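Participant: got a structure for you, letters missing:
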């Protein structure tokens, strides 16, 4: 069951969902979602000596990416066909009986901005900032502002029961408690197939 605006407020006020900084409900709360702002840390691919990305090769994807930090309120220009990793300004913690989904905002989608390619789910027990796979499918650059642009909407869904193993306790979890975007760690799965 998806939480309504009334239940999102209740869960946050009771501390069941923890969000920092505290949301401005008048600005961020929708009928069944909470808008989050664009953070100020980004990762983009650097030019590389590799002609392709081989998941089995053991390449440290972190080494072929560059981190960019900008000040709150500063512009970030998302170029056409560009792909970057970005984080939300807000950090959040989910309880063991709730999951969240990240969706793009329609107003940005109409400009060609996508906020996730595939990874839209945050498992119960999640802690950290939301990481987005930002892309510009349009033909014109789009200027986004760190800490100001409401970049995505988070919806919350209740589970039938609390999970036995929350995300932060899951063996092989790769991205818990992140404060900045991390490059893909998929090649770890070839070294340790149980992850």
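Facilitator: The structure has been received and is ready for your questions. Since this is a predicted model, take the numbers as computed values, not measurements.

Participant: use CA for all of it now, contacts and neighbours both
Facilitator: Fine.

Participant: residue ranges for the helices of this protein, please.
Facilitator: Secondary structure of the chain (DSSP state H): helices located at 5-14, 25-28, 106-109, 188-191.

Participant: with distance to residue 37, mean neighbour count and mean pLDDT as added columns, please give those helices in TSV.
Facilitator: Shown next, in TSV, are those (distance: least, CA to CA, whole Å; neighbours: other CA atoms under 10 Å; pLDDT from 0 to 100):
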stretch	distance to residue 37	mean neighbour count	mean pLDDT
helix 5-14	17	15	98
helix 25-28	9	11	98
helix 106-109	13	14	93
helix 188-191	31	14	62
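
Participant: which one of those helices lies nearest to residue 150?
Facilitator: Nearest to residue 150 among the helices of the chain is helix 25-28 (7.9 Å), distances taken as CA to CA.

Participant: and the contacts of the closest one?
Facilitator: Applying CA atoms under 8 Å, 6 or more residues apart in numbering, the contact partners of helix 25-28 are 9, 34, 35, 36, 150.

Participant: distance to residue 99 for the helices of the chain - can I get that in JSON lines?
Facilitator: What follows is the helices of the chain, written out as JSON lines (distance: least, CA to CA, whole Å):
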{"stretch": "helix 5-14", "distance to residue 99": "12"}
{"stretch": "helix 25-28", "distance to residue 99": "19"}
{"stretch": "helix 106-109", "distance to residue 99": "22"}
{"stretch": "helix 188-191", "distance to residue 99": "24"}
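
Participant: which of the ones you listed sits closest to residue 130?
Facilitator: Among these, the nearest to residue 130 by CA to CA is helix 25-28 (15.7 Å).
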